[in-house]
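Visitor: quick one, what's the 3D model for this:
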Amino acid sequence: MASADQVTVLIPAFNEASAIGHVIEALRPAGNWREIIVVDDGSTDGTATAAAAAGATVIRHPYNKGNGAAIKSGLRAAQGEFVLILDADGQHQPSDAARLIAPLGDYDLVIGARTGSMQASWQRRLGNSLLNWLASYLTGRHIPDLTSGMRAGRRACLMEFIHLLPNGFSTPTTTTLSFIKAGYNVRFEPISVEMRVGTSKIKLARDGSKFVLIIIRVMTIFSPLRVFLPVSAASFFLGAAYAVWTIATQRHVTNSSVLLIVLAVLLFAVGLVSEQIATLRFDGRK
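Guide: I've put the predicted structure just below:
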């Protein structure tokens, strides 16, 4: 069980001057934290000044690199054995921080899982539900909240996957999938959220496809067959069904049927080799 003095609180922030001071002030009574680090990701509105005035250690990026890049900068600077990551917009509740760090030690990653009614618009809830379903299928484990920005983890484990973290959004997606597929202990802890201060930096239409691609990319690193096998099977059955139909109606097999079946065999072979490479990649892990 972790205590607050073992935990670095890490807050990535971009143009959150109106909220960051209140977030830090609310966090202080929640625990005797090892340190509170705010990574100002090239803000132009005084975010760094407000964070420093509230007593946080501030790391500044000279220009906006992205949420993931800010988290990576904070992880490299963190001194605590564990790291609690939360958003700077005021939606996460300090009262939930203690519940997230309490299971650390028994668990390597504890994710704050928002309930559906607590998430923003219905469009975003629908998008998150689809992402949760896809991630649950690919990992073989129920994932109630893939994209929650509030999570606590063992720093050494987070550093293991730091090279996989994208500079933009979806660090939560990547860490969740990576920890689960690497066999670490992952727990989902229900949390409450409030309406954020200001406007969200994530746009469903622009960023939704990026999240899907990141899920597939991470899964092809850890469990490639979960991606390749369904596509291979679909290609094979489509080609076989078309071949049966053309034999019955035209007395011959078309080139399209042959190509679909050959494609299925190639995809399965690539997936199998990729699965073996992924297995070998983790044979040396301790």
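Visitor: residue 59 belongs to a helix?
Guide: No. Counting by DSSP: H, G, I helix; E, B strand; the rest coil, residue 59 falls outside a helix, being strand.
Visitor: that one reaches residue 36, doesn't it?
Guide: No. At 11.6 Å, residue 59 does not count as touching residue 36 under the criterion of Cβ atoms under 8 Å. Placement of C-beta: from N, CA and C, glycine included.
Visitor: can you list the domains in this structure?
Guide: 4-222, 225-281 (automatic domain parsing).
Visitor: for residue 185, report the pLDDT, please.
Guide: With respect to pLDDT, residue 185 scores 96.
Visitor: just the strands in the stretch 1-150 of the chain please.
Guide: 7-13, 35-41, 57-61, 82-85, 109-114 (DSSP state E, counting those that start in this stretch).
Visitor: can I get the CA coordinates of the third one in CSV?
Guide: Included here for strand 57-61 are C-alpha records, laid out as CSV according to Å, rounded to 0.1, in the frame of the first residue of the first chain:
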residue,chain,number,x,y,z
THR,A,57,7.3,22.7,-9.2
VAL,A,58,7.0,23.9,-12.8
ILE,A,59,8.6,22.5,-15.9
ARG,A,60,8.1,24.6,-19.0
HIS,A,61,8.1,23.6,-22.6
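Visitor: let the chain start at 53 from now.
Guide: Yep, numbering from 53; the last one is strand 109-113 now.
Visitor: give me the contacts around that strand.
Guide: Under the contact criterion Cβ atoms under 8 Å, 6 or more residues apart in numbering, strand 109-113 has outside partners 87-94, 100, 103-104, 121-122, 125-126, 129.
Visitor: redo that, cut-off 7 Å
Guide: 87-94, 100, 103-104, 122, 125-126, 129 (Cβ atoms under 7 Å, 6 or more residues apart in numbering).
Visitor: what's the closest of those to residue 156?
Guide: Set against residue 156, the nearest of those by Cβ to Cβ is residue 87 (16.2 Å).
Visitor: spit out the contact partners of the closest one.
Guide: Going by Cβ under 7 Å, 6+ apart, residue 87 touches 60, 109, 131, 132.
Visitor: buried ones from those residues, can you make that a ChimeraX selection?
Guide: A single ChimeraX command is used to select the members of these judged buried by 16 or more other Cβ atoms under 10 Å:
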select :60,109,132
